[in-house]
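A.B. asks: Fold the following, please.
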Amino acid sequence: MAERKVIHLHKDGEDYYFGSVSAIFSVFDKEDIGIGYGALRNYGLNPEHPYSNAKVVIKEGILISAKGERGRKE
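C.D. replies: Numbering: from 1, shown residues only. Below is the predicted model:
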């Protein structure tokens with residue numbers, strides 16, 4: 001099993017998934033989500049500490065996937 005961080009953003013009834021906090025800001029700007037990049041990084045987002053305001057809910061989670069063995073030879 002492989003694990004990696006995923007950032008879930010819920011805005012206006014829609015769900016978006018990102019690989020990092022900085023990736024959020026390639027789609028949305030500060031005015032769209034109500035917080036800037038630096039402030040969100042300083043917030044300390046983690047699975048037990050989501051961020052929310054009147055515009056968005058942002059949660060950090062773990063994406064679990066099967067460990068790929070395709071193409072590997074012994």
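A.B. asks: low-confidence ranges in this structure?
C.D. replies: The chain contains residues with pLDDT under 70 at 74.
A.B. asks: Do a quick rundown of the strands in it.
C.D. replies: Ranges of strands in the chain, per DSSP state E, are 2-11, 14-18, 51-52, 56-65.
A.B. asks: Could you pull out the buried residues of the lengthiest helix in the chain?
C.D. replies: Counting residues, the longest helix found in the chain (DSSP state H) is helix 37-43. Within helix 37-43, the residues that count as buried by 16 or more other C-beta atoms under 10 Å are residue 40. In this view, the C-beta of every residue, glycine as well, is placed from N, C-alpha and C.
A.B. asks: same deal with stretch 4-14?
C.D. replies: 7, 9.
A.B. asks: Also stretch 28-36?
C.D. replies: Quick answer for stretch 28-36 (16+ other C-beta under 10 Å): 28, 33-35.
A.B. asks: any idea how far residue 25 is from residue 37?
C.D. replies: To residue 25, residue 37 is 5 Å away according to C-beta to C-beta, to the nearest Å.
A.B. asks: Now stretch 58-74 - C-alpha only, CSV.
C.D. replies: Taking C-alpha atoms only, stretch 58-74 is exported to CSV below (Å, rounded to 0.1, in the frame of the first residue of the first chain):
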residue,chain,number,x,y,z
ILE,A,58,-10.1,22.8,3.5
LYS,A,59,-9.0,19.5,4.9
GLU,A,60,-5.8,17.5,4.6
GLY,A,61,-6.2,13.7,4.3
ILE,A,62,-4.3,10.6,3.2
LEU,A,63,-4.8,9.1,-0.3
ILE,A,64,-4.3,5.3,-0.1
SER,A,65,-3.5,3.4,-3.2
ALA,A,66,-2.2,0.0,-4.2
LYS,A,67,1.6,-0.2,-4.5
GLY,A,68,2.3,-0.6,-8.2
GLU,A,69,4.5,-3.5,-9.1
ARG,A,70,3.9,-3.3,-12.9
GLY,A,71,7.1,-3.3,-14.9
ARG,A,72,9.4,-4.3,-12.0
LYS,A,73,11.6,-7.3,-12.6
GLU,A,74,13.4,-9.3,-10.0
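A.B. asks: I am finished for the moment; much appreciated.
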